[in-house]
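A.B. asks: Got a sequence here, can you build the structure:
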Amino acid sequence: MNTSPQAAAGQEGSRLRRQALGEFVRSARARITPQMAGLPEGLRRRTPGLRREEVAQLCGISVTWYTWIEQGREVSVSPSVWSRIAGVLQLARAERAYLFDLADCADPQHDRGDANGVPGTLQACVDAVQAPAYVLDRAWNVLAYNEPLRELFDDWPRRDPEPNLLRYIFLDPAARDLVVDWDQRARRVVAEFRADAGAHLDEPAVLALIDGLNRQSPVFAHWWTRHAVVEREGGVREFQHPAKGRLAYQQITFRLATHPDLKLVMLLSGAAQGGQGG
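C.D. replies: Numbering: from 1, shown residues only. As a prediction, the model looks like this:
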């Protein structure tokens, strides 16, 4: 059977990722001494670092399986196993993120509990932006916002003690008047949120948010059961402001390097009209 060029390119990309992953894991293993792993040093070793069978034992997987990982073979490895491997190899934060990127799966331990509160410097950065700007965590809580954003949303973030963009869109009647094409935007933001929260659906804060919205908003519940997933791509956002009338912005979203689960969102006025992404 002939393979299309796209499929062939995908297979080659997958092979290269597995190869890079195997080489990275092997290199990390070589720098971990038995003492670092809590093992007795034992007899003299011909190679530096831990042996494959030692890593496999510490991770609770078979030596054959672990060997295949280092050899870049195509094996099915769960996120929890990758997490144990990362722990045994004592990977730093950037190394751990690199491991899960190559493995093409979500890190179950990624930044758990680390998104509560925002460094003061991040708030200062948002304040320095002249356009409406805000920061969302993975549960779409608004962790920081500037004055232009407060003015655009008619003082919503200030009057809500725990502002959350999803709760605003689906539970605050003002959102239906402010957001142009509310029905279309509501459908899309549910799919965007599912893409953001997919790896964190077991977290209490995310579960509580989804449960509350399912109970209180029939529209959210309807679209949530459709399991649509889309990227937060940006695009034109239009608002019907109660004082300033119709306003159009180009939405730009950035992921923060120091907090990958946080998003900095800016609404730029006068930008070229583009796609209708999230």
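A.B. asks: Measure how buried Pro79 is and give me the count.
C.D. replies: Neighbours of Pro79 under the rule other C-beta atoms under 10 Å: 16. All C-beta spots, glycine's among them, are computed from the backbone N, C-alpha and C.
A.B. asks: er, Arg232 I mean
C.D. replies: Number of residues near Arg232 (other C-beta under 10 Å) recorded here: 20.
A.B. asks: what's the answer for Glu54, then?
C.D. replies: Neighbour count of Glu54, defined by other C-beta under 10 Å: 19.
A.B. asks: From Leu39, how far out is it?
C.D. replies: According to C-beta to C-beta, to the nearest Å, Glu54 stands 6 Å off from Leu39.
A.B. asks: do Asp101 as well
C.D. replies: Going from Asp101 to Leu39 by C-beta to C-beta gives 29 Å.
A.B. asks: show me the contacts for His18.
C.D. replies: One correction, residue 18 is Arg, not His. Contact analysis of Arg18 by C-beta atoms under 8 Å, 6 or more residues apart in numbering lists 72-74, 102.
A.B. asks: Select only the buried ones of the residues you listed in ChimeraX?
C.D. replies: Buried members of those, defined by 16 or more other C-beta atoms under 10 Å, are picked up in ChimeraX with:
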select :72,102
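A.B. asks: Redo the contacts of Arg18 as JSON lines? Include distance to Ala144, secondary structure and pLDDT.
C.D. replies: Below are the contacts of Arg18 laid out as JSON lines (distance: C-beta to C-beta, whole Å; DSSP: H, G, I helix; E, B strand; the rest coil; pLDDT from 0 to 100):
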{"residue": "Gly72", "distance to Ala144": "42", "secondary structure": "coil", "pLDDT": "92"}
{"residue": "Arg73", "distance to Ala144": "45", "secondary structure": "coil", "pLDDT": "91"}
{"residue": "Glu74", "distance to Ala144": "43", "secondary structure": "coil", "pLDDT": "87"}
{"residue": "Leu102", "distance to Ala144": "32", "secondary structure": "helix", "pLDDT": "88"}
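A.B. asks: Do you have the strands of this structure handy? List them.
C.D. replies: Using DSSP state E, the strands assigned to the chain run over residues 133-136, 142-145, 235-241, 245-255, 263-269.
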